[in-house]
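Novice: from the sequence below, what's the structure:
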Amino acid sequence: MNEPDDQWSVTLQRGVASLDFKVTRDPTVGTPVMTGAIGDVRGARALVQAAALAAVEADRWVATGAGDVPIPRDLVLTRRDLANAKAAEPPGSATSPFTAGYAAVYRLELARLLWSAISDAPARRLEELARRIPS
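Specialist: Model prediction:
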């Protein structure tokens, strides 16, 4: 029999999996700047759509180092490694397996961070986080 919270790990993973990462160069410093954006989630359940919006918010927390929950240093380093790997790819090329590996690890850790942010009241907290991002 399923436990009541079993759905949350799958919901968060699906929401985080919808993130697309884009890299631009900061003109003042020349360093890569990565942003997470929501991919196509139109056909997904409402909770998955909310998880995708919340994942964008959590990615912003990791990028800025401040959020509703403590940000693990390893997660910040994983995000930086992903940004550097994406920046090293030639423009217009397909994502390399190397970069895809960094993205998979980052998404997994981002889902864990989201769970720690919503675990006290998953549905309510997920909706609160989703509302922070303009649609």
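Novice: for the longest helix seen in the chain, give the mean pLDDT please.
Specialist: The single longest helix within the chain, with elements called by DSSP state H, is helix 97-118. The pLDDT scores in helix 97-118 average 93.
Novice: can you give me the buried ones in stretch 29-37?
Specialist: P32, M34, G36 (16 or more other CB atoms under 10 Å). C-beta here means a position set from N, CA and C on the backbone, and glycine is covered the same way.
Novice: mark which of these are part of strands, please.
Specialist: Among these, the members found in strands (DSSP state E) are P32, M34, G36.
Novice: and the pLDDT at the residue nearest to the last one when sequence neighbours are not counted?
Specialist: So the one you mean is G36. Of all residues not flanking G36 in the chain, D59 sits nearest, at 3.7 Å (CB to CB, 6 or more residues apart in numbering). D59 is assigned 95 on the pLDDT scale.
Novice: ok, D59 to G92 distance?
Specialist: Noted for D59: a distance of 24 Å to G92, by CB to CB, to the nearest Å.
Novice: repeat that for A111.
Specialist: Counting by CB to CB - A111 and G92 are separated by 29 Å.
Novice: who has more neighbours, those two?
Specialist: A111 (22 against 5; other CB atoms under 10 Å).
Novice: so where's this protein shaky on pLDDT?
Specialist: Across the chain, the ranges flagged by pLDDT under 70 are 1-6, 134-135.
Novice: again, only using 50
Specialist: 1-2 (pLDDT under 50).
Novice: what ranges do the strands span in it?
Specialist: 19-25, 32-38.
Novice: what's the closest of those to V69?
Specialist: Shortest distance between V69 and these, using CB to CB, is found for strand 32-38: 17.1 Å.
Novice: just send the ones in strands among the buried residues of stretch 29-37 back as TSV, with distance to A66 too.
Specialist: What follows is these, written out as TSV (distance: CB to CB, whole Å):
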residue	distance to A66
P32	21
M34	17
G36	16
